[in-house]
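S.K.: Compute the structure for the input listed below.
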Amino acid sequence: MGTVDTSEFVVALSASIGFLLTLSLSDIPFTLVGALLLGGVVAAPIAAWIVRILPARILGTAVGGFILVVNANTFFSAIGLSTGIATVAYILLVAVWIAALVFAIGARRQDQEEAEGQPV
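M.R.: Prediction:
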């Protein structure tokens, strides 16, 4: 596990150095970089705690749906949907996301019940 973590760090560091070397220092918005750094420092322990608590199926459904909902407006405007149709599509997307979450939670509960019913 340590080898994988080390290699991921080396790859991320190399990519960051390469990215920074190809930019002019005057083009880097350091206030934005600082805000992203601060957000990452705050979010990392919260994310680690959530990943430890939530099962993978529920977490994957929640995160995937969140990404879709957050980016839906950009997608709808990119494909040229009118405001009314985009609103209906957005509501439908949120409803499907909620249904998927309910399904994932129900499947997790069913798995737990089956595991409790089997002898160890």
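
S.K.: For Leu59, give its distance to Trp49.
M.R.: 12 Å (CB to CB, to the nearest Å). From N, CA and C alone the C-beta is placed, and that goes for glycine too.

S.K.: what about the most centrally placed residue in the chain, distance to Val102?
M.R.: Against the mean C-alpha coordinate of the chain, by CA atoms, centre = their mean, the closest residue is Val63 at 4.5 Å. In this view, Val63 and Val102 are 16 Å apart by CB to CB.

S.K.: In stretch 70-82, which residues are buried?
M.R.: Using 16 or more other CB atoms under 10 Å as the test for burial, stretch 70-82 gives 72, 76, 81.

S.K.: Report pLDDT for the last one.
M.R.: For Leu81, the model assigns a pLDDT of 91.

S.K.: excluding its backbone neighbours, what's nearest it?
M.R.: Ala89 (6.6 Å; CB to CB, 6 or more residues apart in numbering).

S.K.: Give the burial count for the one you found, as a bare number.
M.R.: Using other CB atoms under 10 Å, Ala89 has 15 neighbouring residues.

S.K.: How about Thr22?
M.R.: 8.

S.K.: For Gly106, see how far away Gln118 is.
M.R.: From Gln118 across to Gly106, the span is 19 Å (CB to CB).

S.K.: Of these two, which one has the most company?
M.R.: Gly106 (10 against 6).

S.K.: for the protein, longest helix please?
M.R.: helix 83-117 (DSSP state H).

S.K.: how about it: buried residues?
M.R.: 86, 93, 97, 100, 104.

S.K.: out of those residues, which one sits closest to Glu8?
M.R.: Nearest to Glu8 out of the buried residues of helix 83-117 is Ala104 (CB to CB; 28.0 Å).

S.K.: Find the residue closest to the closest one in space, skipping its chain neighbours.
M.R.: In space, Ala104 is closest to Thr61, 4.3 Å off (CB to CB, 6+ apart).
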